[in-house]
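Engineer: sequence first, then the predicted structure:
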Amino acid sequence: MAQHFSLAACDVVGFDLDHTLCRYNLPESAPLVYNSFAQFLVKEKGYDKELLTVTPEDWDFCCKGLALDLEDGTFIKLADNGTVLRASRGTKMMTPDVLAKEYGTKEWKYFVSDTGMPSQPGKYYFYDNYFDLPGALLCARVVDSLTKQNSGQKTFDFWKDIVAGIQHNFKMSAFKENCGLYFPEIKRDPGKYLHSCPLSVRKWLQQLKNAGKILLLITSSHSDYCRLLCEYTLGDDFADLFDIVITNALKPGFFSHSPSQRPFHTLKDDEEQEALPSLDKPGWYSQGNAVHLYELLKKMTGKPQPKVVYFGDSMHSDIFPASHYSNWETVLILEELRGEESEKSEEAEPREKRVKYEGPKAKPLNTLSKKWGSFFIDSVSEQENTEDSLVYTWSSNKISTYSTIAIPSIEAIAELPLDYKFTRFSLNSSKTAGYYPLVHYTNVLIK
């Protein structure tokens, strides 16, 4: 495989929407997601009202790449070899001694070393995007609450209530019916929760079209919410930018399911219509599958194997399935590349100066967690009187395995020429080769 990747070599450029083309104001959107679920649990399921109160310090618990064991309420952070680096029961972090006793140096029970991907998805949940992370904090606090109420409860069955909360707030009709807390609040004040698209990104999208690229929008958001997001972030004429728009894509199934399992549907007034036997022309569709989409792309490009690149923020829903099932190039949007840098520059300022101008704030979700450490690396204690060694996290390993490149935002590359040659991740290069820009805290990891 070539060492470099260039957008100029691609025939088709596809995008996820939420946290990819549409960036959220995380200090505002995270509490909204949290409160949407917490209010449901308290009002509809009878959970403790303490769940409704969150302090700025509580948000430090949030870190991408954590797995929740749904049976015992334990959160874990994995190393790239499947061993457990850190763990908590609820929000209470395990001490090194307890961690060693619970997990030792063996692989986590749901880890499969052959693929590097966990198995038995009904037994755990991975948190890998900013919609998920407030739920991680909520679930951890639910474990705390139930443990306190029931004198050291060891096993839990609250996940069904979390799923019910998702259905209540985000079912297909929720936007139209103003169900729950989330959609009504976004409608009321989108500017509080969403960032408008930088002019540089809008020009870049148009530049891609002018260069003859086919542009796709593939989002699991429903069509009505997608329209609100796109009109606010890209403008009322956003649909002119895209050849094909696919909403309610139900990723990762869009990539992994067969056409018979997941056909495309037309839409009328945001309602899904009949299933289509194939995808014959550009337009706006719902659900669908990558197989039928690729057949259409062959016809549109006149090429037997058009080259597709897909931008997304979720390893689980975007990057892994697009790479693994469809063999597309993938660009991971990883705001942690922005966050850990901004954390360091902020900490460089005297604390007295910072406190003078601002009150206590919640930790932005894309910044370093003091409880969990870096999203990318962690240290492992060796024998006594020896220095700890640095290891890559499971999340970091998945990035270098399934991403072509990783960037902090689309804005970070929008002013580069389309034929700019990015160094790609590959088996023959370091695990940090595909990060753009290669920020200084990863330099120590280059082999």
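Structural biologist: Good, I have the coordinates.

Engineer: for the rest of this, base every contact and every neighbour count on C-alpha atoms.
Structural biologist: Noted.

Engineer: restricting to C-alpha, output stretch 419-434 in CSV.
Structural biologist: Listed in CSV are the C-alpha atoms of stretch 419-434, where the atom choice follows Å, rounded to 0.1, in the frame of the first residue of the first chain:
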residue,chain,number,x,y,z
ASP,A,419,-3.5,16.8,-3.7
TYR,A,420,-1.8,17.3,-0.4
LYS,A,421,-0.1,14.0,0.5
PHE,A,422,-0.9,12.8,4.0
THR,A,423,1.2,10.1,5.7
ARG,A,424,-1.1,7.3,6.3
PHE,A,425,-1.3,4.7,9.1
SER,A,426,0.2,1.4,8.0
LEU,A,427,1.8,-1.7,9.4
ASN,A,428,5.2,-0.5,8.3
SER,A,429,5.1,2.9,10.0
SER,A,430,4.8,4.1,13.6
LYS,A,431,1.4,4.1,15.3
THR,A,432,1.4,7.9,15.2
ALA,A,433,2.2,8.2,11.5
GLY,A,434,-1.3,9.0,10.3
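
Engineer: buried residues in it?
Structural biologist: Of the residues in stretch 419-434, those scored as buried under the neighbour-count criterion (16 or more other C-alpha atoms under 10 Å) are Phe422, Thr423, Arg424, Phe425, Ser426, Lys431, Thr432, Ala433, Gly434.

Engineer: ok, stretch 283-299 next?
Structural biologist: Buried residues in stretch 283-299 (16+ other C-alpha under 10 Å): 284-297.

Engineer: TSV please, covering those and showing distance to Pro134 and secondary structure.
Structural biologist: Rendered in TSV, the data for the buried residues of stretch 283-299 read as follows (distance: C-alpha to C-alpha, whole Å; DSSP: H, G, I helix; E, B strand; the rest coil):
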residue	distance to Pro134	secondary structure
Trp284	31	strand
Tyr285	30	strand
Ser286	27	strand
Gln287	26	strand
Gly288	29	coil
Asn289	29	coil
Ala290	30	helix
Val291	34	helix
His292	35	helix
Leu293	33	helix
Tyr294	35	helix
Glu295	38	helix
Leu296	38	helix
Leu297	37	helix
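
Engineer: the buried residues of stretch 419-434 in helices, which ones?
Structural biologist: By the criterion of DSSP state H, membership of the buried residues of stretch 419-434 in helices covers no residue at all.

Engineer: give me the most central residue, this structure.
Structural biologist: With distances taken as C-alpha atoms, centre = their mean, Asn129 lies nearest the centre of the chain, 2.6 Å away.

Engineer: could I get the phi/psi values of that residue?
Structural biologist: Summarising the backbone geometry of Asn129 under the convention degrees, to the nearest 10, its torsions are phi -150, psi 170.

Engineer: related to what we said a few turns ago, hmm, which two among the buried residues of stretch 419-434 are most spread apart?
Structural biologist: With C-alpha to C-alpha as the measure, no two of these lie farther apart than Phe422 and Lys431, at 14.5 Å.

Engineer: what's stretch 327-341 in contact with?
Structural biologist: For stretch 327-341, contacts defined as C-alpha atoms under 8 Å, 6 or more residues apart in numbering pick out 19-20, 307-315, 319, 322-323, 364, 366-368, 375, 399, 402-410, 439.

Engineer: restricted to buried residues, select these in ChimeraX.
Structural biologist: Under the burial definition 16+ other C-alpha under 10 Å, those of those that qualify are selected in ChimeraX by:
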select :19,20,307,308,309,310,311,312,313,314,315,319,322,323,364,366,367,368,375,399,402,403,404,405,406,407,408,409,410
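
Engineer: list the ones among the contacts of stretch 327-341 that fall in helices.
Structural biologist: Filtering these for helices - DSSP H - leaves Ala322, Ser323, Ile399, Tyr402.

Engineer: centre of the chain to the longest helix belonging to the chain, how far?
Structural biologist: Criterion DSSP H: the longest helix present in the chain is helix 26-45. Using C-alpha atoms, centre = their mean, to the nearest Å, the mean C-alpha position of helix 26-45 is found 18 Å from that of the whole chain.

Engineer: what residues sit buried inside that helix?
Structural biologist: Residues of helix 26-45 classed as buried by neighbour count (16+ other C-alpha under 10 Å): 26-27, 29-30, 32-41.

Engineer: make JSON lines from the residues you listed and add pLDDT to it.
Structural biologist: Conversion of the buried residues of helix 26-45 to JSON lines gives the following (pLDDT from 0 to 100):
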{"residue": "Leu26", "pLDDT": "94"}
{"residue": "Pro27", "pLDDT": "94"}
{"residue": "Ser29", "pLDDT": "96"}
{"residue": "Ala30", "pLDDT": "96"}
{"residue": "Leu32", "pLDDT": "97"}
{"residue": "Val33", "pLDDT": "97"}
{"residue": "Tyr34", "pLDDT": "97"}
{"residue": "Asn35", "pLDDT": "97"}
{"residue": "Ser36", "pLDDT": "97"}
{"residue": "Phe37", "pLDDT": "97"}
{"residue": "Ala38", "pLDDT": "98"}
{"residue": "Gln39", "pLDDT": "97"}
{"residue": "Phe40", "pLDDT": "97"}
{"residue": "Leu41", "pLDDT": "98"}
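
Engineer: circling back to that earlier point, what's the most distant pair in the ones in helices among the contacts of stretch 327-341?
Structural biologist: Of all pairs drawn from the ones in helices among the contacts of stretch 327-341, the widest gap by C-alpha to C-alpha lies between Ala322 and Ile399 and measures 12.9 Å.

Engineer: picking up where we left off before, nearest to Glu231, of the ones in helices among the contacts of stretch 327-341?
Structural biologist: For Glu231, the nearest member of those is Ala322. The distance, counting by C-alpha to C-alpha, is 26.4 Å.

Engineer: the closest residue to that closest one other than its chain neighbours and Ala30: what is the separation?
Structural biologist: Leaving aside its chain neighbours, Ala322 sits nearest to Trp328 (5.6 Å; criterion: C-alpha to C-alpha, 6 or more residues apart in numbering). To Ala30, Trp328 is 31 Å away according to C-alpha to C-alpha, to the nearest Å.

Engineer: what packs against the helix or strand that Lys176 is a member of?
Structural biologist: In the assignment (DSSP states H and E), Lys176 maps to helix 174-177. For helix 174-177, the packing partners by 3 or more C-alpha pairs under 8 Å, 6 or more residues apart in numbering; DSSP states H and E come out as helix 182-188, helix 223-233.

Engineer: out of these, the one nearest Ala8 is which?
Structural biologist: Counting by C-alpha to C-alpha, Ala8 lies closest to helix 223-233 out of the helices and strands packed on helix 174-177; the figure is 25.1 Å.
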